[in-house]
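Chemist: Sequence first, predicted coordinates after that:
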Amino acid sequence: MHKVKGVVVKAKNEPATVETILVPDPGPGEALVDVLTCGVCQTDLHYKVGGVGDNFPYLLGHEAAGVVSAVGDGVTEVEVGDHVILNWRAVCGECRACRRGEPWYCFDTHNATQKMTLEDGTELEPALGIGAFAEKTLVAAGQCTRVETPLEDHQYAAVGLLGCGVTAGIGAAINTGAVKRGESVAVIGCGGVGTAAIAGAALAGATTIIAVDLDTEKLATAQRLGATHTVNSKDRDPVEAIRELTDGNGADLVIDAVGIEPTFKQAFQARDLAGRVVLVGVPDPGTTIDLPLDEIFSRGGSIKSAWYGDTLPSRDFPMLVDQYKLGRLDLDAFVTERIKLDEVDEAFETMKAGKVLRSVVEMPR
């Protein structure tokens, strides 16, 4: 048993506080990971405010990089000393999605069996089965993806973000949206995920990449990461602007990285005939939308949701790390600030104010 510090939220809307937690040694199929870095993601805030469930107390954090310090019986995926990115899609290999060759849709993903606890024995629910705002965390071994490419210490803050939001955005473009070289892409909403989608579109070879947002600073960041055009939707109708920038046709792919009714309708209206719409912004529960069925039919193309960007960590993480090292994917640009474990609650407020792409906790070494 390991006694470490971790960030816990004990009840809905309570502050996230640093607590002493107990982390068991790994059992069969589990890995103990010394956390190096962990990004502050919108999903962690959803846990804090009760938007994910009511299984409090939660151990927050999931966009993480670390080093494997121990493994349980039967673990073959990783070894002690491996640098890893943590992920919440540890595929089972046996469900119907895995059997049909689509493991990124796995319907029975794995988490650690044992529970981490507070000192009084209260069991903690780890965010997305990871709980990485902690000095150590216990995960299923399949939640660890080995980083083979040598990295400098400071680079793990950027690479750890592949564990969730950055990969969700990039995957929405290259996996779900299947961007082809020379295509046009519009992304509505330029927070962390939307900006990552822009970077993914650029990586895939799109030649017209349109960033849409209400914030001029976010649009400037999007331009640095690959957007060829920007549209401030406070000043211009985004549908008209996207059509104007694509010869009156609309974009081949439009990604809604916000997830509310107005932006989804804009995405639907701004795509070309036979174009694609991808929803990667997470809607609030109960959100509905009214679209004319005849237009859905007559426009053709497709409407898809991107759940984790249809990412298969074992396939995608190594490729994206290589692209980062080759200078083709600027992951460092997503690290707005580096913070300490006791600054997570403050980072939530910074995130809500739209001032960062990512705050990243760095653990003392």
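Modeler: Structure's in. What do you need?

Chemist: which stretches of the stretch 1-150 of the chain form strands?
Modeler: With DSSP state E, counting those that start in this stretch as the criterion, the stretch 1-150 of the chain has strands at 2-9, 17-23, 30-39, 58-59, 63-71, 83-86, 117-118, 125-126, 136-140, 144-146.

Chemist: and for the second one, what are the contacting residues?
Modeler: Contact with strand 17-23 is made by 1-10, 32, 59, 116-119, 124, 134, 136-138, 341-342, 345, as judged by CB atoms under 8 Å, 6 or more residues apart in numbering. (C-beta placed from N, C-alpha, C; glycine too.)

Chemist: change it to 10 Å
Modeler: 1-10, 32-33, 57, 59, 112, 114-122, 124, 131, 133-138, 340-345 (CB atoms under 10 Å, 6 or more residues apart in numbering).

Chemist: dump the residue contacts of the nearest residue in space to Gly74 that is not next to it in sequence.
Modeler: Leaving aside its sequence neighbours, Gly74 sits nearest to Pro28 (CB to CB, 6 or more residues apart in numbering; 5.1 Å). By CB under 10 Å, 6+ apart, Pro28 lies in contact with 71-75, 113, 141.

Chemist: Widest-spaced pair of the residues you listed?
Modeler: Across those, the longest distance by CB to CB is 13.9 Å; it joins Val71 and Thr113.

Chemist: Identify the contacts common to the two.
Modeler: Residues touching both Val71 and Thr113 (CB under 10 Å, 6+ apart) are 26, 28-30.

Chemist: Can I get the buried part of these as one ChimeraX selection?
Modeler: The buried residues among the shared contacts of Val71 and Thr113 can be selected in ChimeraX (16 or more other CB atoms under 10 Å) with this line:
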select :26,29,30
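
Chemist: how about the shared contacts of Val71 and Thr113 in JSON lines, adding pLDDT and distance to Pro15?
Modeler: As requested, these are exported to JSON lines (pLDDT from 0 to 100; distance: CB to CB, whole Å):
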{"residue": "Pro26", "pLDDT": "98", "distance to Pro15": "31"}
{"residue": "Pro28", "pLDDT": "97", "distance to Pro15": "36"}
{"residue": "Gly29", "pLDDT": "96", "distance to Pro15": "34"}
{"residue": "Glu30", "pLDDT": "97", "distance to Pro15": "30"}
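
Chemist: For the residue lying farthest from the centre of the chain, give its distance to Phe264.
Modeler: If you look at how far each residue of the chain sits from its centre, by CA atoms, centre = their mean, the farthest one is Asp294, at 33.9 Å. According to CB to CB, to the nearest Å, Asp294 and Phe264 sit 18 Å apart.

Chemist: want to try a markdown table for the shared contacts of Val71 and Thr113, with distance to Ala168 as columns?
Modeler: Converted to a markdown table, the shared contacts of Val71 and Thr113 look like this (distance: CB to CB, whole Å):
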| residue | distance to Ala168 |
| --- | --- |
| Pro26 | 28 |
| Pro28 | 30 |
| Gly29 | 26 |
| Glu30 | 25 |
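
Chemist: Going by distance to Cys190, which of the shared contacts of Val71 and Thr113 wins?
Modeler: Closest to Cys190 out of those is Glu30 (38.0 Å), distances taken as CB to CB.

Chemist: how about the nearest residue to that closest one, chain neighbours excluded?
Modeler: Gly72 (4.4 Å).

Chemist: Same check on Leu151?
Modeler: Leaving aside its chain neighbours, Leu151 sits nearest to Val159 (6.3 Å; criterion: CB to CB, 6+ apart).
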